[in-house]
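# how would this look folded up:
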Amino acid sequence: MKYLTGTKCASWALLLAFLLAGRGPSTAEPGPWSQSSITLEVLWDDFLRVTSSRPPKRNAPPESPTWGWLSGDWQAQRITGNWNGARDRLESEGISFTLDYLGQFAANPVGGVIEGGASWTGDWSLGLRMDLDRQFALPFPVYVTTSVGILDGSDALSDTHIGNVMDVQVSDLDGRWFQPKVVYLAVGAQLFDQTTEVLAGRIVTFDDFATFAKACTSMNGSICGNPVAGQFDITFPTDPDAVWGARVKVKPGDRWYAQAGAYLVYPGLGDPDHYGLEFGAPAGSGILAIGEAGLHVGHSANRPGLPGTYKAGYYYDTEELTNLSTNTSERNSWGIYGMAEQMLYSETDDYSQGLWGWFALSYAPPLKSDVKAMAALGLSYTGLLPHRPDDTLAFVAAASVFSEYLPGQSSEMLLELNYQAQLLPALSVQPGIQYIMNPSGYSTIEDAFVVGLNVSATF
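Model (predicted):
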């Protein structure tokens, strides 16, 4: 018989305490198993993506046993270091913790519905993952993960002053200055020689679908993560709003993958009164089914050449939606999307510095979709300035085209320029500007000029 060691007993006690503790942070970044960045190219499931606002450096040297900044180690990858070695010991047992913060300031000195507004939103994110195959003699990898979150600050600027749909901030407080939510409560496994991954429980649909990392060089909440029309049209589960669901991903080699998922969705998802604990099936609920296939090229496929990923997907939603022509409730809608991110030039052999480009196109039927089409593209350059190898300059352009069944609304357009400065390995700041044309598609609303500043910290 196999007995738990003292360390393993402590591991399970930590997991139980965390699950019973309830609430903590979450984020709007893409989630734990997306394969969208060169830093994640060979990983099935990087847990740090469940909460981290900045993916970890793959070539970072091992951390010395310190308490990070608390020990005067300003070059630590995390502010609290590796807890004087305890964090490394836990991770060797398959237990990983993350704690991150993303704060966003935005102001519209010119334009919008109400000129001269300002907003600060904060997003604390806390996550725990346990690899059960390290705790027991299991024949294949099995893991459980949970994350919880706290949003704080003021109402989002797009809601209160600009009146546009492509949110100029990632976090949206929905009228409350303090919002705790439970996010992930899930179990996953990797089967058939780790060519197939299954994930089920309370999960975030669009952490896995219609997402890629380079879109999150943008400060705009409708670009970062999922720059597709569906976010405006259907119940679109993005972090920190999880739903019951399951997803299967098949990746037989390095070149391509295919995945499919089904999720319980309903109008009103994300109601802060439920704290992420709405576990039932409210009125109007339906099933969101989605499938996606992708192709990796170059270094992303462990082959010579510049890395890149190309993907396309289709979704079908059976929840109750509004027919924009008759203003009645009807079920069944769908949408399609195509996306790509491709490195265009590399300064280094490890592809860590250079120019990336990306684009996304999507469509949804206008009868039940406020936004029937969306197009977005971006360019980002990491290491452009001498002696600043981890800084990134980014440009984004996007357009959302409204349904012809919405009189007076044509299209909303976005231009953005920002610069993310990695001040320390665990701390970055990102000043930027955004220009919103035709907010919500109305030519009667003055174009808005937005200035902003993001602060990201990894603990």
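# residue 99: how many residues sit nearby?
18 (other Cβ atoms under 10 Å). In this view, the C-beta of every residue, glycine as well, is placed from N, C-alpha and C.
# okay, buried residues for the lengthiest strand in the chain please.
Longest among the strand segments of the chain by residue count, using DSSP state E, is strand 329-346. Buried residues in strand 329-346, counted by 16 or more other Cβ atoms under 10 Å: 333-335, 337, 339-343, 346.
# after that strand comes which helix or strand?
Moving toward the C-terminus from strand 329-346, the next helix or strand (DSSP states H and E) is strand 354-363.
# mind listing the strands for the stretch 351-459 of the chain?
With strands called from DSSP state E, counting those that start in this stretch, the stretch 351-459 of the chain shows them at 354-363, 371-382, 392-402, 411-424, 427-437, 448-458.
# hang on, I meant the stretch 151-300 of the chain
With DSSP E, counting those that start in this stretch, the ranges of strands along the stretch 151-300 of the chain come out as 178-191, 196-203, 243-250, 256-265, 286-297.
# surely residue 140 meets residue 190?
Yes: between residue 140 and residue 190 there is a contact under Cβ atoms under 8 Å: 5.9 Å.
# of the two, which one has the most company?
Higher neighbour count among residue 140 and residue 190: residue 190, with 20 against 12, using other Cβ under 10 Å.
# leaving out sequence neighbours, find the closest residue to that one.
Nearest residue to residue 190 in three dimensions, chain neighbours excluded: residue 141, at 4.4 Å (Cβ to Cβ, 6 or more residues apart in numbering).
# any weak-confidence spans in this structure?
1-62, 174-175 (pLDDT under 70).
# now with 50, please.
The chain contains residues with pLDDT under 50 at 1-59.
# returning to what we had before: and of the buried residues of strand 329-346, the nearest to residue 361?
Relative to residue 361, the closest of the buried residues of strand 329-346 is residue 337; by Cβ to Cβ it sits at 6.8 Å.
# what bridges to residue 292?
Beta-bridge partners for residue 292, by DSSP bridges, are residue 259, residue 313.
# quick one: it and residue 123, what's the gap?
Distance, residue 292 to residue 123, by Cβ to Cβ, to the nearest Å: 26 Å.
# what does residue 162 give?
Distance of residue 162 to residue 123, computed by Cβ to Cβ: 20 Å.
# next: residue 150.
8 Å.
# of these two, which one has the most company?
A count of neighbours by other Cβ under 10 Å puts residue 123 above the other of residue 150 and residue 123, at 29 against 19.
# and that one, what element?
Here residue 123 sits within strand 117-131, counting by DSSP H and E.
# got the contact list for the residue lying closest to residue 404 once chain neighbours are set aside?
What sits nearest to residue 404 in space, not counting adjacent residues and going by Cβ to Cβ, 6+ apart, is residue 366, at 5.7 Å. The contact partners of residue 366, by Cβ atoms under 8 Å, 6 or more residues apart in numbering, come to 324, 372, 403-405.
# surely residue 138 and residue 132 touch.
Yes: between residue 138 and residue 132 a contact is recorded at 6.2 Å, counting by Cβ under 8 Å.
# between those two, who's got more neighbours?
It is residue 132, of residue 138 and residue 132, that has more neighbours when counted by other Cβ under 10 Å, with 16 against 12.
# beta partners of the nearest residue to the more buried one once chain neighbours are set aside?
Once flanking residues are discounted, residue 132 sits nearest to residue 142: 4.4 Å by Cβ to Cβ, 6+ apart. Counting by DSSP bridges, residue 142 is bridged to residue 189.
# burial check on residue 142, number of neighbours?
As a burial measure, residue 142 scores 20 neighbours (other Cβ under 10 Å).
# list the contacts for it?
Taking Cβ under 8 Å, 6+ apart, one finds 131-133, 187-190 in contact with residue 142.
# so residue 405 makes contact with residue 326?
No: Residue 405 is not in contact with residue 326 according to Cβ under 8 Å; the separation is 9.6 Å.
# which one of the two has more residues nearby?
Set side by side, residue 405 and residue 326 show more neighbours around residue 405, with 17 against 10, by other Cβ under 10 Å.
# residue 442 versus that one, what's the distance?
Distance, residue 405 to residue 442, using Cβ to Cβ: 15 Å.
# try residue 413
Remark: distance between residue 413 and residue 442 (Cβ to Cβ) = 12 Å.
# check residue 385 too.
39 Å.
# who's more crowded, these two?
Under the criterion of other Cβ under 10 Å, the comparison of residue 385 against residue 442 puts residue 442 first, with 16 against 11.
# so who does the more buried one touch?
Taking Cβ under 8 Å, 6+ apart, we find residue 442 in contact with 163, 408-409.
# sorry, back to before: residue 195: which of the strands of the stretch 351-459 of the chain is closest?
Residue 195 lies closest to strand 354-363 among those, at 27.1 Å (Cβ to Cβ).
# run through who's touching the closest one.
210, 212, 214-215, 227-230, 335-348, 372-383.
# kindly recompute the last result at 7 Å.
Strand 354-363 is contacted by residues 212, 214-215, 227-230, 335-347, 372-382 when judged by Cβ atoms under 7 Å, 6 or more residues apart in numbering.
# bridging residues for the residue nearest to residue 277 when sequence neighbours are not counted?
What sits nearest to residue 277 in space, not counting adjacent residues and going by Cβ to Cβ, 6+ apart, is residue 182, at 5.9 Å. Residue 182 has these beta-bridge partners by DSSP bridges: residue 148.
# surely residue 182 meets residue 276?
Yes: taking contacts as Cβ atoms under 7 Å, residue 182 lies within contact range of residue 276: 3.8 Å.
# next, count neighbours for residue 71.
Per other Cβ under 10 Å, the neighbour tally for residue 71 reads 14.
# show me what contacts the closest residue to it other than its chain neighbours?
The shortest distance from residue 71 to any non-neighbouring residue, by Cβ to Cβ, 6+ apart, is to residue 81 (6.5 Å). Counting by Cβ under 7 Å, 6+ apart, residue 81 makes contact with 63, 66-68, 71, 73.
# could you dump these to TSV with distance to residue 196 and secondary structure?
What follows is the contacts of residue 81, written out as TSV (distance: Cβ to Cβ, whole Å; DSSP: H, G, I helix; E, B strand; the rest coil):
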residue	distance to residue 196	secondary structure
63	33	coil
66	40	coil
67	40	coil
68	38	helix
71	43	helix
73	41	coil
